[in-house]
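1. Structure, please.
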Amino acid sequence: MSKNSVSSSYSKHAIGQSGQLSWGVLSFTHPTLAGLELPYFDIKAPQAGPALAIIAGMHPNEVSAMEAALRLKDYFAEHLVSGSVSILPVLNMPGLYLHSEFVCPEDNKNINFLSPGSPQGSFSEVLIDAVLNSWAQEAAVFIDLHGGDLREDVAKFVMCQWVGDEEFDNITSLLAHQFDADAIVEFAVDQTNNRGRATNELPWLGRHAVMSEGGANGILDEENTQFHFNGVANIARQLGLTSDPSVTQTRRNIVVDNFAKVEAPFSGRWYLEIVAGEQVSRGQCLGVIKNLYGEWVADVIAPFSGLILMLVNHNIVNQGEWLISLAPTPSGRQQ
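-> Numbers count the residues shown, from 1 in each chain. Below you'll find the predicted structure:
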């Protein structure tokens, strides 16, 4: 357990309460986080039950995920019958009004890859340590909502990490499958190229965690908001926190066990030939790099058959920059 502590004040900064719902400002005792204040919501039912922790806004342009978090506090205020729900709708407050892409401007680090954090680290490492190891320490399930920064388009998918304990992994998988997704990434036990997310690291500490992705270009849209909202609501029903009917699933929910990055071979103009959520074949052209004169430089080719989970859809890219996250499907893995 981290020595870093988190305190919430119910007596200042416009704190309010309505029935089961209370809201206010979360402040931190660690000196590195001095002055940081995060909005929070707590919903507590009279009947005892599991605790659920939800965060959004780790990347503050991912607005559909943040909107879902806001709507969930009202949903749980009305429907929570047991247990408790705690919500941080905006984690990366330093980057919120700067429209920071991917990173926290306090240390220019991507919080998403710093879990489980460190109280001896820089701002982002201390922050995620405080959130995971103090604020959410007692949560039965930790849910991290993401999707669609300013230059990217993201399929509706969910991530969870297997650790090799069958009973534990089955529960984690069941929770992830509560989202109606294009794909479910059940990270294999031995995968090492995708680590550092809360959803990857908490299971190794014996804690269930799920991360959802869905959105595009910092645009607030109803379909992605409902994707995040319904997935969390279904998890709450699975945990016995609520008792209203679950949402019917209609998407493919393809199960994969990892994904790889496809990077830009050259700097220049990027012309996509695929969309997020599309299944592609090995050798297929995913897009074309042209120079600043509009002349062809290189084709970007799929290294294996798989599913497009995320992609950069901005026309200007840098050599070596991530362009596409491609998840190998079973047939693609055999090629």
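
2. all helices of the chain, in order?
-> Listed in chain order, the helices of the chain (DSSP state H) span 63-79, 93-96, 123-130, 166-176, 198-201, 222-239, 330-334.

3. Let me know which of the ones you listed is the nearest to Leu21.
-> helix 63-79 (3.9 Å; Cβ to Cβ). C-beta coordinates here come from the backbone N, C-alpha and C atoms, glycine included.

4. mean confidence for the closest one?
-> Averaged over helix 63-79, pLDDT sits at 97.

5. Which strands and helices lie in contact with that helix?
-> Contact here means 3 or more Cβ pairs under 8 Å, 6 or more residues apart in numbering; DSSP states H and E; on that basis helix 63-79 packs against strand 21-28, strand 37-44, strand 51-55, strand 84-88, strand 141-146, strand 208-216, helix 222-239.

6. As a markdown table, these with distance to Asp153 and mean pLDDT would be great.
-> Formatted as a markdown table, those follow (distance: least, Cβ to Cβ, whole Å; pLDDT from 0 to 100):
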| stretch | distance to Asp153 | mean pLDDT |
| --- | --- | --- |
| strand 21-28 | 32 | 93 |
| strand 37-44 | 28 | 96 |
| strand 51-55 | 22 | 98 |
| strand 84-88 | 25 | 97 |
| strand 141-146 | 13 | 98 |
| strand 208-216 | 4 | 98 |
| helix 222-239 | 11 | 97 |
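
7. Let me know which of the ones you listed is the nearest to Ala155.
-> strand 208-216 (7.2 Å).

8. So what's the gap between that closest one and the chain middle?
-> 4 Å (Cα atoms, centre = their mean, to the nearest Å).

9. elements contacting that strand?
-> Packed next to strand 208-216, using 3+ Cβ pairs under 8 Å, 6+ apart, are helix 63-79, strand 141-146, strand 152-161, helix 166-176, helix 198-201, helix 222-239.

10. Show me what it pairs with in its sheet, parallel or antiparallel.
-> Looking at strand 208-216 with DSSP bridges, its paired strands and their directions are strand 141-146 (parallel), strand 152-161 (antiparallel).

11. Contacts for the shortest one, please.
-> Identification of contacts with strand 141-146 by Cβ atoms under 8 Å, 6 or more residues apart in numbering yields 50, 52-56, 58-59, 62, 65-66, 68-69, 112, 132, 136, 154, 175, 197-199, 202, 207-215, 228, 232, 235, 239.

12. buried subset of those residues?
-> Neighbour counting with 16 or more other Cβ atoms under 10 Å marks 50, 52-56, 58-59, 62, 65-66, 68-69, 112, 132, 136, 154, 175, 197-199, 202, 207-215, 228, 232, 235, 239 as buried within these.

13. returning to what we had before: any idea which of the strands paired with strand 208-216 is most buried?
-> strand 141-146 (a mean of 27; mean count of other Cβ atoms under 10 Å).

14. and it, how far from the chain's centre?
-> So, by Cα atoms, centre = their mean, the centroid of strand 141-146 is 6 Å from its chain's centroid.

15. low pLDDT regions in this protein?
-> 1-15, 331-335 (pLDDT under 70).

16. circling back: closest to Thr248 out of the strands paired with strand 208-216?
-> strand 152-161 (15.1 Å).

17. and Lys109, bridged to which residues?
-> Bridge pairing for Lys109 - DSSP bridges - gives Cys104.
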